[in-house]
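> the sequence isn't on hand, but the structure is:
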């Protein structure tokens, strides 16, 4: 059943999108938007050149700007993060929740398990491994400003706050906007599309190019720094397990290996490589979680879960709206996280949008806000409570180790557990595998996102182009690691986090734009149902006649 008078000119927008794609560079196996690709490449090379020329100076300069932003605008980020969470919840409980991404008859492309697996792997999979032990341990040994005290329940609740509803609210908002305007309006799957109700046809011009260029740079820099730090974390784990030396040479080999595996996954596409790896990640992560739960202080973990979740829920609004005077702790933790999640949101949002066609908004919001969050709460409680227990037994040795080198905190904890040595080796190997596999899925999904952006929002692009962007990510990380080491990686990471400020403003504007689009679609859905009902009544009447 088709609409007699479409309220929104979807066919017109599809035609304009086709015209946008016709301007792409189509030679040598590439399908690139010339302006977005070329300008992004030039800006990336210039920034990397400046960073490599003076990595320490660049890092200090950018950190100075970051401190000013976080110190003076903590109130802005706190309020914005709450808006980003409560708006999707409003859409979920309202009539807007009935709207289906892709239209009333659209069907999901992936099974629920595959979809959930990709959501979690792209969202923050590696962070669960890296911070699962260290962050709760740090908070448990710090006077928290929102309580002026500390306890294990407060420490876990604070970790939940940083890794729970708020970050996933940010991801939910941008991925919903991207999916809606792409699948329900026929616009390209790129950041420019979410501003159509405000900018209209200007999104197909220079303004749209600027928006996509910003997203490309943020995604590439974020992925490159993750590859660099990930290589160092994996190197630390291999050193801890097998005595493999920690060196730049080993880390370059690790990046090359991850890039190669990610490239193979990207070539296979989302339906095969990315989906299979994501499902494998979740299964192995589930096994790892169960092993720690059984081998660790099981009863203590269960009690900690009840106490910490209760504290988190009872004090949710107090923690969410707390604004510290002086902003020393909050700037280093909460504001750092908020800017980091926001700067990463185009990457994660694009990927989630890419795999979410056919879901209703209500189903979409519930899946993104509650399933990954519940898993995160269980994960951080299991590893955090085990860390508390082992730190107490070792007289604070685990905390000292985590403070010295956060990347080895997990392996140090496993080594201190009262279990047979062979079991320690097996569990540590599973942990190392998870670090590698989560980084591979971040790299391959990131390559697909950059590929979408640089092709003008095309969902499928040539295989050589996918390979190109996967290799570019690895090349940026390797060049920074070899030439500038930690200082260069820190500078790049700080640069990415600074993009959190403009992206916060973009997301606030996006809320208004999305609301306009959804309001129009809700009327369209009502018309569709009325016409379907009339059609059904007429058909029944004719059959009876």
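That came through fine. Keep in mind it's a predicted model, so treat the numbers as computed, not measured.
> buried residues in stretch 196-204?
Under the neighbour-count criterion of 16 or more other Cβ atoms under 10 Å, stretch 196-204 has 196-197, 199, 203-204 buried. All C-beta spots, glycine's among them, are computed from the backbone N, C-alpha and C.
> equivalent analysis for stretch 413-422, please.
Across stretch 413-422, burial judged by 16+ other Cβ under 10 Å covers 413-417, 419.
> give me the subset of the residues you listed lying in helices.
The helices, defined by DSSP state H, take in 413-416 from the buried residues of stretch 413-422.
> export these to TSV and tack on distance to residue 509 and pLDDT?
Shown next, in TSV, are these (distance: Cβ to Cβ, whole Å; pLDDT from 0 to 100):
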residue	distance to residue 509	pLDDT
413	44	94
414	46	93
415	49	90
416	49	90
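> out of those residues, who's nearest residue 513?
Distance to residue 513 across those (Cβ to Cβ) is lowest for residue 413, with 45.6 Å.
> how about the contacts made by that closest one?
The contact partners of residue 413, by Cβ atoms under 8 Å, 6 or more residues apart in numbering, come to 133, 383, 386-387, 390, 398.
> wait, residue 229 touches residue 492, no?
No: taking contacts as Cβ atoms under 8 Å, residue 229 lies outside contact range of residue 492: 10.1 Å.
> pick out whichever of these two has more residues nearby.
Set side by side, residue 229 and residue 492 show more neighbours around residue 492, with 27 against 21, by other Cβ atoms under 10 Å.
> the more buried one: helix or strand, and which one exactly?
If you go by DSSP states H and E, residue 492 is part of helix 485-498.
> again, but for residue 246
Using DSSP H and E, no helix or strand contains residue 246.
> let me see the contact set for it.
So residue 246 contacts 232, 235-236, 239 (Cβ under 8 Å, 6+ apart).
> 7 Å - rerun?
235-236, 239 (Cβ atoms under 7 Å, 6 or more residues apart in numbering).
> re earlier: what's the ChimeraX syntax to select whichever of the contacts of residue 413 are buried?
Buried subset of the contacts of residue 413, written as a ChimeraX selection, criterion 16+ other Cβ under 10 Å:
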select :133,383,386,387,390,398
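> just flag the most distant two among the contacts of residue 413.
Distance extremes for these: the farthest pair is 383 and 398 at 11.7 Å, using Cβ to Cβ.
> excluding chain neighbours, what is closest to residue 178?
What sits nearest to residue 178 in space, not counting adjacent residues and going by Cβ to Cβ, 6 or more residues apart in numbering, is residue 353, at 3.8 Å.
> give me the distance between the one you found and residue 180.
8 Å (Cβ to Cβ, to the nearest Å).
> again with residue 379
Distance of residue 379 to residue 180, computed by Cβ to Cβ: 30 Å.
> quick one, helices of the stretch 351-500 of the chain?
For the stretch 351-500 of the chain, the helices defined by DSSP state H, counting those that start in this stretch cover 361-393, 397-404, 409-416, 421-454, 463-483, 485-498, 500-544.
> could I get the ones you listed as CSV with distance to residue 153?
Listed next are the helices of the stretch 351-500 of the chain as CSV, based on distance: least, Cβ to Cβ, whole Å:
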stretch, distance to residue 153
helix 361-393, 10
helix 397-404, 18
helix 409-416, 20
helix 421-454, 26
helix 463-483, 38
helix 485-498, 29
helix 500-544, 29
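> for residue 341, find the nearest of these.
Residue 341 sits nearest to helix 500-544 of all these, at 8.1 Å, using Cβ to Cβ.
> where in the stretch 251-400 of the chain is pLDDT low?
The stretch 251-400 of the chain contains residues with pLDDT under 70 at 269-273, 327.
> rerun that using 80 as the cut-off
265-274, 326-327 (pLDDT under 80).
> how about CSV for the buried residues of stretch 413-422, with distance to residue 88 added?
Formatted as CSV, the buried residues of stretch 413-422 follow (distance: Cβ to Cβ, whole Å):
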residue, distance to residue 88
413, 35
414, 37
415, 41
416, 41
417, 39
419, 42
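> for residue 232, what are its contacts?
The neighbourhood of residue 232, defined by Cβ under 7 Å, 6+ apart, consists of 251, 407.
> done for today, thanks.
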